[in-house]
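Enquirer: what's the 3D shape of this:
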Amino acid sequence: MKKNRISRYIDLLFCLVIMPLAIMLLPVDRWIAHNTAFLITLVAYVYLLYFVYRCACLPKLFMQRKYLRITLLLVVLAAVTELLTYFPMPAERITADTQLMAARMNMRRQTIWFFFLVVTGFSLAIELTFELFRQILSRQEVEAEKDKAELALYKAQINPHFLFNTLNTLYALVLSGSDKTESAFVKFSGILRYMYSQSGAELIPAARELEYVRQYVDLQRLRLNHHTMVNLVVEAVYAQALVPPMILITFVENAFKYGTSSETDCTILIRIHVDEFCLWLETENAVMRRREDGACGIGIANCRKRLELLYPGRYTLQTGETDGTYRVRLEIKIKDE
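Expert: Purely as a prediction, here's the structure:
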């Protein structure tokens, strides 16, 4: 729609501004008085030539390798232009002075071919610009669809990964015969509702994502004993800020997966801050267990890819272990200030 509107504006610019100015370079007053038919024919031909080019769209034909059609069109237009140079001279303008007649005919020929070249050049420049514009838009649409498909794939991988780990938590509670099992299943049902009602959305209010994190942390607390202390600090300055669903849970989940112990005292610290412009997460946990050699952290890798697709150049993610403590720091610029 936008491209069509721009195209109409350019056509109006050519018809109402550029060509009238070019025509004013001619001896219009004399031609109107002595050669009206030729002037009207020339003006009509110039406008017709322009719209023939615009409809033919030569750059597009060239991209489609329809060289024969392009050649035939140019030959026909050149032939019509040449025929126009033989337009009959008015009787009152015919004189016995052959040099004067030759000069008049030469001027007419140069004028006609000048307009032919001007219209051809302008039309080709416009069509080349629009064809380039179409190619850029087409490439952007393909990239957008590709990014959308990749995001869906990464999200589809995160959901079962998270679900499997959560079911393991419930399984451990059931085996231990804990009286917290019923409460755990209630929280788990809330987590499932969030996953399948919100995870399909591109963006959600931060308040929903934060509540999801709280429910998950509460669920994990139910299975932990007194050796593991969990500190969750949430500062929701602007809870209506829009964030991608399930963008934080993987980092929180990893803290519980590798930072808990039933025999050794340890602490998990989770800080989340969200305002109108920025989302910030920090987790710290003692490394109580490690991945098996060769194991790959699918959740973290997918989150990093999602962040790169959603916020290219607008996020920082730092992960690493120092003195037996694993830290994650994530900062996302969700809105320009």
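
Enquirer: only C-alpha atoms for contact and neighbour calcs from this point on.
Expert: OK.

Enquirer: can you get me a residue count around the closest residue to Arg289 other than its chain neighbours?
Expert: Spatial nearest neighbour of Arg289, chain neighbours left out: Tyr258 (5.2 Å); criterion: C-alpha to C-alpha, 6 or more residues apart in numbering. Tyr258: 16 surrounding residues under other C-alpha atoms under 10 Å.

Enquirer: pLDDT weak spots in this structure?
Expert: The chain contains residues with pLDDT under 70 at 1-4, 26-34, 89-98, 101, 141-163, 165, 178, 198-200, 291-298, 337.

Enquirer: tell me the helices in it, going along the chain?
Expert: Assigned by DSSP state H, the chain shows helices spanning 2-13, 19-23, 28-34, 36-56, 58-63, 67-84, 98-176, 181-198, 206-223, 249-258, 298-310.

Enquirer: now those in TSV, with distance to Leu317?
Expert: Compiled in TSV, the helices of the chain are given as follows (distance: least, C-alpha to C-alpha, whole Å):
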stretch	distance to Leu317
helix 2-13	38
helix 19-23	58
helix 28-34	71
helix 36-56	51
helix 58-63	44
helix 67-84	53
helix 98-176	17
helix 181-198	24
helix 206-223	19
helix 249-258	11
helix 298-310	8
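
Enquirer: of all those helices, which lies closest to Ile332?
Expert: helix 298-310 (8.5 Å; C-alpha to C-alpha).

Enquirer: if we can go back for a sec, which among the helices of the chain is found nearest to Val328?
Expert: Nearest to Val328 among the helices of the chain is helix 249-258; the distance by C-alpha to C-alpha comes to 7.3 Å.

Enquirer: by how many degrees do that closest one and helix 206-223 diverge?
Expert: 10 degrees (axes from the mean of the first three to the mean of the last three C-alpha atoms, to 10 degrees).

Enquirer: okay, now the domains of the chain?
Expert: Annotated domains of the chain cover 2-140, 178-333 [automatic domain parsing].

Enquirer: same list (those domains) but as a markdown table, adding distance to Leu170.
Expert: Listed next are those as a markdown table, based on distance: least, C-alpha to C-alpha, whole Å:
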| stretch | distance to Leu170 |
| --- | --- |
| domain 2-140 | 45 |
| domain 178-333 | 7 |
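
Enquirer: and stretch 318-332, what's buried?
Expert: Residues of stretch 318-332 classed as buried: Tyr326, Arg327, Val328, Arg329, Leu330, Glu331, Ile332 (neighbour count, 16 or more other C-alpha atoms under 10 Å).

Enquirer: report how many residues lie close to Tyr9.
Expert: So Tyr9, with other C-alpha under 10 Å, has 12 neighbours.

Enquirer: Leu192 too?
Expert: 14.

Enquirer: and Thr260, by the same measure?
Expert: The number of residues near Thr260, taken as other C-alpha under 10 Å, comes to 24.

Enquirer: and the buried residues of stretch 318-332, which two are furthest apart?
Expert: Counting by C-alpha to C-alpha, the most remote pair of these is Tyr326 and Ile332, 20.1 Å apart.

Enquirer: quick revisit: deepest of the domains of the chain, which one?
Expert: domain 178-333 (a mean of 17; mean count of other C-alpha atoms under 10 Å).

Enquirer: from the chain's centroid, how far away is that domain?
Expert: Put simply, domain 178-333 sits 29 Å off its chain's centre (C-alpha atoms, centre = their mean, to the nearest Å).

Enquirer: do stretch 325-337 as well
Expert: In terms of C-alpha atoms, centre = their mean, the centre of stretch 325-337 is found 23 Å from the chain centre.
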